[in-house]
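> Okay, sequence plus prediction incoming.
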Amino acid sequence: PGSSSEQGEELDYEITEIQGEIPHDLPAGAFLRNGPGFFERAGQVIHSIDADGMIARIEIRDGRATFRNRYIRTKGYQVEQDAG
């Protein structure tokens, strides 16, 4: 997910398309991104400032990379989810 791309789903997967290879002796670590995740509600496109917040993580461990993202479960997010 890029900084301006919409990510409507919560995902959890291993990143398998990598150019080159991840060194096995690379220390484990994670890159976290806090930003907008969903720009549309009830057919209306909204500004990214008003979008639902999402945390995305890329983790590198033991020569493998994984991706995971989750919406921030605010009261406003929950109300929107319940309303459909």
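Here it is on my side, so go on. Numbering: from 1, shown residues only.

> what residues are up against Ala28?
For Ala28, the contact set (C-beta atoms under 8 Å, 6 or more residues apart in numbering) comprises Glu59, Ile60, Arg61, Asp62. C-betas here are computed from N, CA, C, even on glycine.

> What about the residues you listed, which are in helices?
Among the contacts of Ala28, no member falls in helices (DSSP state H).

> Now, of these, which are buried?
Ile60 (16 or more other C-beta atoms under 10 Å).

> Closest to Arg33 out of the contacts of Ala28?
Nearest to Arg33, judged by C-beta to C-beta, of these is Glu59 at 12.4 Å.

> Report pLDDT for Ala42.
Per-residue pLDDT puts Ala42 at 64.

> circling back: in JSON lines: the contacts of Ala28, plus pLDDT and distance to Tyr71.
As requested, the contacts of Ala28 are exported to JSON lines (pLDDT from 0 to 100; distance: C-beta to C-beta, whole Å):
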{"residue": "Glu59", "pLDDT": "97", "distance to Tyr71": "19"}
{"residue": "Ile60", "pLDDT": "95", "distance to Tyr71": "23"}
{"residue": "Arg61", "pLDDT": "93", "distance to Tyr71": "24"}
{"residue": "Asp62", "pLDDT": "89", "distance to Tyr71": "28"}
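
> can I get the contacts of Ala28 in a markdown table with distance to Pro23?
A markdown table is the format used below for these (distance: C-beta to C-beta, whole Å):
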| residue | distance to Pro23 |
| --- | --- |
| Glu59 | 15 |
| Ile60 | 10 |
| Arg61 | 12 |
| Asp62 | 11 |
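
> where does the chain have low pLDDT?
1-7, 38-50 (pLDDT under 70).

> what about the most far-flung residue of the chain relative to its centre, distance to Ile60?
In the chain, counting by C-alpha atoms, centre = their mean, Asp25 sits farthest out from the average C-alpha position, at 26.3 Å. According to C-beta to C-beta, to the nearest Å, Asp25 and Ile60 sit 12 Å apart.
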